[in-house]
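# Mind folding the following:
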Amino acid sequence: MADSAGNEDYCVCSPDRSFAIAPVEWVYELITNKRRPLNYVLTFNMIQAGRLPPSRAYAYKRIG
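Below you'll find the predicted structure:
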C-alpha cells in the first residue's frame, strides 16, 4: 500500500480491502512518537466486535 506521498508499506487488510493496518509503521510510531495514543487494544476490540467505521471495498481505510 502507498500513501499520498508515495511511501510504500506492508499492510494487513480486511478481505474486501476496505480497512488496512500498516503494522511496521504503526509499531514505529508507537515507539518514536511519545504523543501518539496507545490505542492498539481499542483497535483490536473494535475489529473483534465488528464495530468499525463505515468504509467501502478497496478504500484501504487506515485503522489503528
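
# shouldn't R36 be in contact with L30?
Yes: using C-beta atoms under 8 Å, R36 is in contact with L30, at 6.2 Å. Bear in mind the C-beta positions are built from the backbone N, C-alpha and C, glycine included.

# Show me which of the two is the more surrounded one.
L30 (15 against 11; other C-beta atoms under 10 Å).

# can you tell me the helix or strand for the more buried one?
helix 23-32 (DSSP states H and E).

# Quick one: mean pLDDT for that helix?
For helix 23-32, the mean per-residue pLDDT is 84.

# i'd like the first residue to be 37 from this point on
Will do, 37 is the new start, and the previous item becomes helix 59-68.

# average model confidence for the helix or strand following it?
Next helix or strand after helix 59-68 toward the C-terminus (DSSP H and E): helix 76-85. Average pLDDT, helix 76-85: 86.

# Next, report how far helix 76-85 is displaced from the centre of its chain.
Counting by C-alpha atoms, centre = their mean, to the nearest Å, helix 76-85 is centred 11 Å from the centre of its parent chain.

# If you count neighbours, what's buried in that helix?
Residues of helix 76-85 classed as buried by neighbour count (16 or more other C-beta atoms under 10 Å): M82.

# still on that earlier bit, need the residues that contact the helix holding L66.
D45, Y46, C47, V48, R72, L74, Y76, G100 (C-beta atoms under 8 Å, 6 or more residues apart in numbering).

# pretty sure A56 belongs to a strand, no?
Yes: remark: A56 belongs to a strand, assigned using DSSP: H, G, I helix; E, B strand; the rest coil.

# Now do it against G42, distance only.
Separation of A56 from G42 (C-beta to C-beta, to the nearest Å) stands at 16 Å.
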